[in-house]
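> my questions concern the predicted model and sequence given below.
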Amino acid sequence: MPALSLLTIAGAALWVALVVAAQVLTPGQSALSMGMSGLATGRYGWLMKVAFAARGLTALALVAAVAENAPAAALSVPGLVLFAVWGGGSGLLACYDTDMPGRKPTRRGRAHALIALAAYAAAVAGMILVSLRLRHGAATAVVGRWTLLIALVAALAMFAQLAGFAEAARPPARGLGRYGGLLQRLFLALVVLWTVVVAAGI
């Protein structure tokens, strides 16, 4: 397996380990209802900040791996650019703390929300474009079919989590509003799964 692919998979594993550690050490933040960005605040917030950086570097490593190892017929330059935007946005989130529920909104919190929204959209669009193009390569056609399925499910999860957080912003939370955090975690897990599958398949 190419070195960049191994680096990508290692980065994904590190992200999972950091997020799990941050969640375990911050039991007061519900994984069902609260967004993961809240884990970047408080005593162990540094773990989530490192996780943001790890996720960003993992995405950029994948972009480099695909560009270096995928056949020309299977390369989507727009898709890779968009996924690089996702990586850059993920890393940038470490610099702007989210606004916690019940506290006065801040400029940094608004910046965090806007960066996250742009990064999420870029991730989904990039995943779909890259997957569609991978299906054109003889050696990557199978992985392209699987990653396209993951990308489409991730798109659904993204819209579901956005609906959940929008509902939660109008208390009392009900319906999807009670599960915004879980839906976000599902979306991010699918993005990381997609990243690993692409890295392993090229």
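Here it is on my side, so go on.
> mind showing which ranges of this protein have poor pLDDT?
173 (pLDDT under 70).
> so where do the helices sit in it?
3-25, 45-69, 77-92, 107-134, 141-168, 180-201 (DSSP state H).
> list the buried residues for the shortest one?
Of the residues in helix 77-92, those with enough neighbours to count as buried (16 or more other Cβ atoms under 10 Å) are 79-80, 82-92. (C-beta placed from N, C-alpha, C; glycine too.)
> out of the helices of the chain, flag the one nearest Leu32.
Of all the helices of the chain, helix 180-201 sits nearest to Leu32, with 4.9 Å by Cβ to Cβ.
> which one is Ala113 nearest to, not counting chain neighbours?
Computed as Cβ to Cβ, 6 or more residues apart in numbering, the closest residue to Ala113 that is not its neighbour in sequence is Thr98, at 7.1 Å.
> circling back to that earlier point, nearest to Ser37, of the helices of the chain?
Ser37 sits nearest to helix 107-134 of all the helices of the chain, at 6.4 Å, using Cβ to Cβ.
> circling back to that earlier point, TSV for the helices of the chain, including distance to Gly35?
Output for these, formatted as TSV (distance: least, Cβ to Cβ, whole Å):
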stretch	distance to Gly35
helix 3-25	12
helix 45-69	11
helix 77-92	14
helix 107-134	9
helix 141-168	7
helix 180-201	5
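> those: which one's closest to Met34?
helix 180-201 (4.6 Å).
> so which elements touch that closest one?
helix 3-25, helix 45-69, helix 107-134, helix 141-168 (3 or more Cβ pairs under 8 Å, 6 or more residues apart in numbering; DSSP states H and E).
> quick check: angle from that helix to helix 3-25?
Here helix 180-201 points in a direction 160 degrees away from that of helix 3-25 (axes from the mean of the first three to the mean of the last three Cα atoms, to 10 degrees).
> helix 180-201 vs helix 107-134, what angle?
Between helix 180-201 and helix 107-134, the angle comes out at 40 degrees (the same axes, to 10 degrees).
> one step back: which of the buried residues of helix 77-92 sits closest to His136?
Looking across the buried residues of helix 77-92 and measuring by Cβ to Cβ, the closest to His136 is Gly79, at 12.1 Å.
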